[in-house]
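Using only what follows, build the 3D model:
(2 chains)
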There are 2 protein chains.
Amino acid sequence: MTAEYPVGKLNKVRQLRVKGRYDRDSVHRILDAGLVAQVAFVEDGIPVVVPMIYGRDGETLYLHGARKARVIRIVEGSEKICLNVTLLDGIVLARSAFNSSMNYRSVTVFGTPRLVEGSTEKLRAMKVISEHLMPGRWDELRVPHESEVKMTGVIAVTIDAASAKVSAGMPVDEPDDYAIPVWAGVLPLTSQLQCLQDDDRLLPDVTASVTVRTLQNRIL
Amino acid sequence: MTAEYPVGKLNKVRQLRVKGRYDRDSVHRILDAGLVAQVAFVEDGIPVVVPMIYGRDGETLYLHGARKARVIRIVEGSEKICLNVTLLDGIVLARSAFNSSMNYRSVTVFGTPRLVEGSTEKLRAMKVISEHLMPGRWDELRVPHESEVKMTGVIAVTIDAASAKVSAGMPVDEPDDYAIPVWAGVLPLTSQLQCLQDDDRLLPDVTASVTVRTLQNRIL
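Next up is the predicted model:
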C-alpha cells in the first residue's frame, strides 16, 4: 500500500494548497482524533449532511445508525459518499478581517459505502465504533443482544480518496499591515472531557473503572 | 413569520423524534453558538461536504471563501444546499454499548444559495461572518481593501427548512440492565478558548483590547 492517497480531481486541495496533505498517517491521525464525522450523501438530487459517530479499521470507516434510519437506507444505496472530520484548534486574529481565520485539522474522505450484513462483521464493526468513542469500554459491557445487532444498521466505507488540511500557527498579514498598532495573535481552542457525572441509578459501591477514568484524559 | 419552521420531508426528524425541534429560537441559538458549518453540495452527482465559517443575519446564512474556490463556484450554481452545525456536549456511557451515545446540539438547514454581488451587500456579509467568529473585532480592524472584497466569494443561503436535534442528560438503559454492576453516566465535553497567544510581530505597547479579551470567555 502506498504511503499517500493518490491525488485526483476529488481530493485535490485547491485553496491554500500548502496546507494539504495526502499521506495516510496524517489522514488516519485526524480521523482517529475526531469523535463525529459529517457524512454527506445525495437524496433525490438534494445534498444531505448528517453528523455520525464512526470508527476506523485500516482503510475502512464504519458508521452506524438505526437499521431503518434514512441515513442508513440512503447511504446503502449510494455509489459514493463524502465525509469530513474537522477539529477546531483556535481563532486566528490577524491585523485585517481578510487574513483572520481559524486553525484546524480537517480530513475529507470520498468512499464507497456497503451495508454490512452478517452478524459477525456487524458485531466487529460495532466494537470498532464503540472503541473509537470509548476505548476499552466494550469489554466491560455485556455482549449486545441479538435483537440489538439486528436493529443496528452498519455501513462500511472504503476510503477511495482522502486529503487532510491542517492550519496552525500565527496570522500571516499583508506586509503593510504589520505597521498597524492593533493586537494580533491566536486564541487557542481546546475540547476537553470534564469530570465524570454519575448516573442517578448506579448500584451501591459501583465506581468508574480505570478505563472510564482514563477517558477523561483524552485530548481532542 | 411563524415561530416554527414548517415540517416537511426534508427537515423532519425521524430518529429519536422526541429530540427534534423546529422552533426558530432553538435553531438560531445553535447556529449562533457554532463556529463552523459543514456545508454539503453535489458536484457531478457526487456529494461533497466542506467545513466553512459562517454568520447569520435573520433567516439568511452567509458563507465565504476565495472567489475562485470550488465551493463558491459549485454552491453558486446549486439549487439547494444542506448544512449542519453540531456542538458536542459529552459522551453518554450507558450500561450497554447499544444505548451508549453522545450528547449534542445539532442543526440541519436546507437552503437556497445565491452568490452575493455588489460590494455593499458583500461587505455587510463579510462583517456578519467576522462578527460571528470574533464579535466586536470588525470595528477595530482597518476597512477591507477593494481588492480583498473582490477576491472574496460570498454566498447567501436563505433558510428554507431547518430542524434542531438536542440530546442531553443521562443514559437511558434497558430495564434489565440497571441490575448490572457497571458504572454509567456522562463524560461532559466542553470547548473552551484558552489564553491569548501574542503574534511575534506585535508593535511595542500593543495589547489585546477588551473586545479580544472578552472573546476568551466565549462558551461553545
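
I'd like the distance between A:Glu146 and B:Pro171.
21 Å (CB to CB, to the nearest Å). Backbone N, C-alpha and C define where each C-beta goes, glycine included.

next one: A:Leu123
In this view, A:Leu123 and B:Pro171 are 21 Å apart by CB to CB.

same question, A:Ile159
Distance from A:Ile159 to B:Pro171, by CB to CB: 32 Å.

And A:Leu115, by the same measure?
27 Å.

Those two: which is more packed in?
Between A:Leu115 and B:Pro171, counted using other CB atoms under 10 Å in any protein chain shown, the more crowded position is B:Pro171 (18 against 15).

What's the per-residue pLDDT of the residue of chain A positioned farthest from its centre here?
Centroid-distance maximum for chain A: A:Ala179 at 40.1 Å, with CA atoms, centre = their mean. On pLDDT, A:Ala179 comes in at 98.

do A:Ala40 as well
96.

so which helix or strand takes in it?
strand A:36-43 (DSSP states H and E).

can you list the residues that contact that strand?
Contacting residues not belonging to strand A:36-43 are listed as A:31, A:47-54, A:61, A:63, A:70-71, A:74-75, A:78, A:81-86, B:38, B:40, B:42, B:45-49, B:51, B:82, B:84, B:86, B:88, B:102, B:104 [CB atoms under 8 Å, 6 or more residues apart in numbering or on different chains].

Could you tell me which of these belong to strands?
A:47-54, A:61, A:63, A:81-86, B:38, B:40, B:42, B:46-49, B:51, B:82, B:84, B:86, B:88, B:102, B:104 (DSSP state E).

tell me the secondary structure for A:His132?
What DSSP: H, G, I helix; E, B strand; the rest coil gives for A:His132 is helix.

Okay, now the unreliable bits of chain A?
Along chain A, no part satisfies pLDDT under 70.

For it, which segments are assigned as helices?
A:24-33, A:70-76, A:119-133, A:146-151, A:210-215 (DSSP state H).

Report the buried members of the ones in strands among the contacts of strand A:36-43.
With neighbours counted by 16 or more other CB atoms under 10 Å in any protein chain shown, these contain buried members at A:47-54, A:61, A:63, A:81-86, B:38, B:40, B:42, B:46-49, B:51, B:82, B:84, B:86, B:88, B:102, B:104.

quick one: contacts for A:Ser163?
A:5, A:7, A:11-13, A:20-22, A:27, A:107-108.

Now a PyMOL select for only the buried ones of these.
Burial among these is assessed by 16+ other CB under 10 Å; the matching PyMOL selection reads:
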select buried, chain A and resi 5+11+13+20+21+22+27+107+108
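
From the contacts of A:Ser163, list the ones also adjacent to chain B.
Under the cut-off given by CB under 8 Å from any CB of the partner chain, chain B has A:Thr108 from the contacts of A:Ser163 close to it.

Tell me the one among the contacts of A:Ser163 nearest to chain B.
Minimum distance to chain B across the contacts of A:Ser163 is 7.3 Å, recorded for A:Thr108 (CB to the nearest CB).

bridging residues for the closest one?
A:Asn84, A:Ser163 (DSSP bridges).

list the contacts for it?
Contact partners of A:Thr108, counting by CB under 8 Å, 6+ apart, are A:11, A:82-84, A:162-163, A:165, B:48-50.

next one: A:Leu220
A:33-35, A:87, A:190-192, B:189.

Quick check: of those, which lies closest to B:Ile155?
When these are compared for distance to B:Ile155 (CB to CB), A:Leu87 comes out closest, at 24.2 Å.

count of neighbours near the nearest residue to that closest one once chain neighbours are set aside?
Spatial nearest neighbour of A:Leu87, excluding adjacent residues (CB to CB, 6 or more residues apart in numbering or on different chains): A:Arg105 at 4.7 Å. A:Arg105 has 21 neighbouring residues, counting by other CB under 10 Å.

same thing with A:Asp23?
Neighbours of A:Asp23 using other CB under 10 Å come to 15.

do the same with the one 3 residues further on
By other CB under 10 Å, 20 other residues sit near A:Ser26.

ditto for A:Thr190
If we define neighbours as other CB under 10 Å, then A:Thr190 has 14 of them.

gap between it and chain B?
6 Å (CB to the nearest CB, to the nearest Å).

Would you confirm that that residue contacts B:Ser191?
Yes. Proximity of A:Thr190 to B:Ser191 meets the contact threshold set by CB atoms under 8 Å, at 7.2 Å.

How about the contacts made by A:Ser78?
So A:Ser78 contacts A:41-42, A:113, B:47 (CB under 8 Å, 6+ apart).

if you set the cut-off to 7 Å instead, what comes out?
A:41-42, A:113 (CB atoms under 7 Å, 6 or more residues apart in numbering or on different chains).

now do A:Arg213
Taking CB under 7 Å, 6+ apart as the definition, A:Arg213 has no contacts.

For A:Leu193, see how far away it is.
A:Arg213 is 11 Å from A:Leu193, by CB to CB.

that older thread, adjacent strands (with direction) for the strand holding A:Ala40?
Short version: by DSSP bridges, strand A:36-43 pairs with strand A:46-57 (antiparallel), strand A:81-93 (antiparallel).

what angle sits between the first one and helix A:24-33?
Interaxial angle, strand A:46-57 versus helix A:24-33 (axes from the mean of the first three to the mean of the last three CA atoms, to 10 degrees): 100 degrees.

what angle separates strand A:46-57 from helix A:119-133?
90 degrees.

then strand A:46-57 to PDB, C-alphas only?
Extracted in PDB, the C-alpha atoms of strand A:46-57 (Å, rounded to 0.1, in the frame of the first residue of the first chain):
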ATOM      1  CA  ILE A  46     -30.500  17.100  -2.900                       C
ATOM      2  CA  PRO A  47     -27.400  17.100  -0.800                       C
ATOM      3  CA  VAL A  48     -27.800  16.000   2.800                       C
ATOM      4  CA  VAL A  49     -25.200  16.100   5.600                       C
ATOM      5  CA  VAL A  50     -25.600  14.200   8.900                       C
ATOM      6  CA  PRO A  51     -23.300  14.000  11.900                       C
ATOM      7  CA  MET A  52     -22.400  10.400  12.800                       C
ATOM      8  CA  ILE A  53     -20.100   8.700  15.200                       C
ATOM      9  CA  TYR A  54     -17.700   6.300  13.500                       C
ATOM     10  CA  GLY A  55     -14.700   4.100  13.800                       C
ATOM     11  CA  ARG A  56     -11.800   3.200  11.600                       C
ATOM     12  CA  ASP A  57     -10.300  -0.200  10.800                       C
END
